[in-house]
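Provide a 3D model corresponding to the input given below.
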Amino acid sequence: KNAFWHVNQSCLHAALCFDPLHYNDGRLFSNHLFVELKKILASIGHHAEKTVNTQNFNHFKSVMNIFFSDGNKLLDIAKQIIFTTQNVLTCQAHPMGFALLHCIASYLHYHMYILLDIHTETTLTA
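The predicted structure is shown next:
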């Protein structure tokens with residue numbers, strides 16, 4: 001037996017489960033990609049004030065001064081930030097910012113695939 005089985009109020013199986021909301025949105029995007037994007041936008045004098053008019057999204061007037069840990073809102077920002085910055089961070093105007101937008105787009109693709117459920121022949125026939 002492992003020593004962790006004896007720790008009160010703990011579940012070793014839950015500790016091994018992957019939590020995309022807190023790991024991806026609350027850490028990977030907010031602590032790395034979003035911070036770098038804010039730095040790049042601030043360095044060129046833009047403030048990402050534009051909003052995307054879509055349903056089922058949180059809407060923000062400005063994202064440059066947002067500091068919180070709500071993973072769902074950060075995911076909404078990640079989804080909207082591509083559309084609001086693509087005309088500012090072009091390949092010619094800011095190559096690093098353009099590369100960062102590609103990283104954010106890849107992050108969103110990765111996030112989409114992580115949330116897919118596994119379907120086997122048994123679950124498909126049920």
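
next SSE downstream of the lowest-mean-pLDDT helix or strand in the chain?
Least confident helix or strand of the chain, by mean pLDDT, DSSP states H and E, is helix 12-15 with a mean of 65. From helix 12-15 onward toward the C-terminus, using DSSP states H and E, the following helix or strand is helix 20.

for that following helix, what is the average pLDDT?
If you average the pLDDT over helix 20, you get 71.

the helix or strand just after it - contacts with which helices or strands?
Later in the chain than helix 20, the nearest helix or strand by DSSP H and E is helix 34-43. Here helix 34-43 touches helix 71-85, helix 95-114, going by 3 or more Cβ pairs under 8 Å, 6 or more residues apart in numbering; DSSP states H and E. In this view, the C-beta of every residue, glycine as well, is placed from N, C-alpha and C.

tell me what angle the shortest one forms with helix 34-43.
In terms of direction (axes from the mean of the first three to the mean of the last three Cα atoms, to 10 degrees), helix 71-85 departs from helix 34-43 by 40 degrees.

so for helix 71-85, what gets flagged as buried?
71, 73, 74, 75, 76, 77, 78, 80, 81, 84, 85 (16 or more other Cβ atoms under 10 Å).

least confident of these?
pLDDT across the buried residues of helix 71-85 is lowest for residue 71, at 75.

how far away is it from residue 82?
For residue 71, the distance to residue 82 equals 18 Å [Cβ to Cβ, to the nearest Å].

now do residue 29
Distance, residue 29 to residue 82, by Cβ to Cβ: 12 Å.

give the residues shared as contacts by the two.
Taking Cβ atoms under 8 Å, 6 or more residues apart in numbering as the criterion, residue 29 and residue 82 both touch residue 104.

check which helix or strand covers residue 87.
Of the helices and strands defined by DSSP H and E, none includes residue 87.

and residue 40, how many neighbours does it have?
20 (other Cβ atoms under 10 Å).

can you list the low-confidence ranges for the protein?
Residue ranges of the chain with pLDDT under 70: 1, 4, 12-19, 21-23, 26, 47-65, 67-69, 117-120, 123-124, 126.
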